[in-house]
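Engineer: Based on what follows, work out the 3D shape:
(one chain, ligands or ions: 1)
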Amino acid sequence: SLKGKTAVITGSNSGIGLGVARELARAGASVVLNSFTNAPEDHQLAEDMAREFGVPVRYIQADMSKGDDCRALIEKAGACDILVNNAGIQHVAPLDEFPVEKWDAIIAINMSSTFHCTAAALPMMRTAGWGRVINIASAHGLTASPYKSAYVAAKHGVVGMTKVVALETAKEPITCNAICPGYVRTPLVEAQIPDTAKKYDMTEDEVIEKVILDRQPSKEFATVEQLGGTAVFLCSDAAEQITGTTISVDGGWTAL
Ligand code: NAD
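Structural biologist: Below is the predicted model of the structure:
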């Protein structure tokens, strides 16, 4: 059981972050949810999760595109035994047309937030004498696709950083790993279907079948529950010697 452990999950009012938060709560962890918004629904989400799983759940607003906000999130959490660096966005465009502000935002949110949050959390893990850093990278942290320059660069960066953090904590009871999902049907994926349809001159159904699931030999989306289960495994005693590596949850994508 993860009772007594505090888990901070960045970007967790939706999609994979929310799914991972739910599985960590189910395993008994106290949970800190996060996004850049501060809506009544965000706090309601925390209240509902606390009631469902019988664990403390808080929502803390912080913008993961800003380094100071990342560090403030960890400080406000007060404890951080499990850090899940999950916040991420996507933009799809050819490199020579890629909007500079989208490049900067993707590098900041998908990659630099992992640096800032981990830097703030490691001292707390050292004090507690136990820690797990789990980076939600991507199959795009290991392979590439056209039109996703910023995302692929950021995710490869996260995989690299995962190895460095693992080496810097190798002699301590702290591990750092990356989970590399293939396609999961979240709002992030839904949002890129229309653009991809335009790019390849296909209908949206054709994009799902021929572009998205074409990369995934299982021909099925991975689920947020499966990613949550993988995170819970990385927090278990069985995973104590697993550090500095990636776990693909991609239906065989990176085996191709
Ligand atoms: P999503 O859009 O459902 O969730 C993204 C989360 O990040 C949301 O909670 C959103 O509020 C939050 N977020 C966005 N900008 C933020 C900011 N500036 N500050 C704080 N929070 C912010 O998407 P998702 O698919 O659940 O993506 C979660 C992570 O999983 C991302 O890092 C993504 O790259 C990765 N991933 C997703 C897939 C997939 O197929 N969906 C595959 C591989 C990796």
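Engineer: Report the contact partners of residue 197.
Structural biologist: 203, 204, 206, 207 (Cβ atoms under 8 Å, 6 or more residues apart in numbering). (Glycine included, C-beta is placed from N, CA and C.)
Engineer: can you tell me which helix or strand the nearest residue to residue 227 once chain neighbours are set aside belongs to?
Structural biologist: Leaving aside its sequence neighbours, residue 227 sits nearest to residue 16 (Cβ to Cβ, 6 or more residues apart in numbering; 5.4 Å). Assigned by DSSP states H and E, residue 16 belongs to helix 15-26.
Engineer: if you look at that helix, does any of it touch the ligand?
Structural biologist: Yes - against the ligand, helix 15-26 shows contacts by Cβ under 6 Å from any ligand atom at 15, 16, 17.
Engineer: same check, this time on stretch 202-217
Structural biologist: No - with Cβ under 6 Å from any ligand atom as the criterion, the ligand is not reached by stretch 202-217; the gap is at least 8.4 Å.
Engineer: What residues sit buried inside that stretch?
Structural biologist: Across stretch 202-217, burial judged by 16 or more other Cβ atoms under 10 Å covers 202, 207, 208, 211, 212, 213, 215, 216.
Engineer: Just give me how far it sits from the chain centre.
Structural biologist: 23 Å (Cα atoms, centre = their mean, to the nearest Å).
Engineer: pLDDT of it, averaged?
Structural biologist: Average pLDDT, stretch 202-217: 91.
Engineer: Restricting to C-alpha, output it in PDB.
Structural biologist: Below are the C-alpha coordinates for stretch 202-217, written out as PDB (Å, rounded to 0.1, in the frame of the first residue of the first chain):
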ATOM      1  CA  MET A 202      -8.200  12.000 -44.900                       C
ATOM      2  CA  THR A 203     -11.500  11.800 -43.000                       C
ATOM      3  CA  GLU A 204     -11.200  11.700 -39.200                       C
ATOM      4  CA  ASP A 205     -12.100   8.000 -39.000                       C
ATOM      5  CA  GLU A 206      -9.400   7.300 -41.600                       C
ATOM      6  CA  VAL A 207      -6.800   9.200 -39.400                       C
ATOM      7  CA  ILE A 208      -7.700   7.000 -36.400                       C
ATOM      8  CA  GLU A 209      -7.400   3.800 -38.400                       C
ATOM      9  CA  LYS A 210      -4.600   4.500 -40.900                       C
ATOM     10  CA  VAL A 211      -2.400   7.100 -39.100                       C
ATOM     11  CA  ILE A 212      -2.900   6.800 -35.400                       C
ATOM     12  CA  LEU A 213      -3.500   3.000 -34.900                       C
ATOM     13  CA  ASP A 214      -1.300   2.300 -37.900                       C
ATOM     14  CA  ARG A 215       1.700   2.900 -35.500                       C
ATOM     15  CA  GLN A 216       0.200   0.700 -32.800                       C
ATOM     16  CA  PRO A 217       0.400  -3.000 -33.800                       C
END
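Engineer: what mean pLDDT would you report for the one helix or strand residue 120 maps to?
Structural biologist: Counting by DSSP H and E, the element that carries residue 120 is helix 113-128. On average, the pLDDT along helix 113-128 is 99.
Engineer: same thing with stretch 141-150?
Structural biologist: In this model, stretch 141-150 has an average pLDDT of 97.
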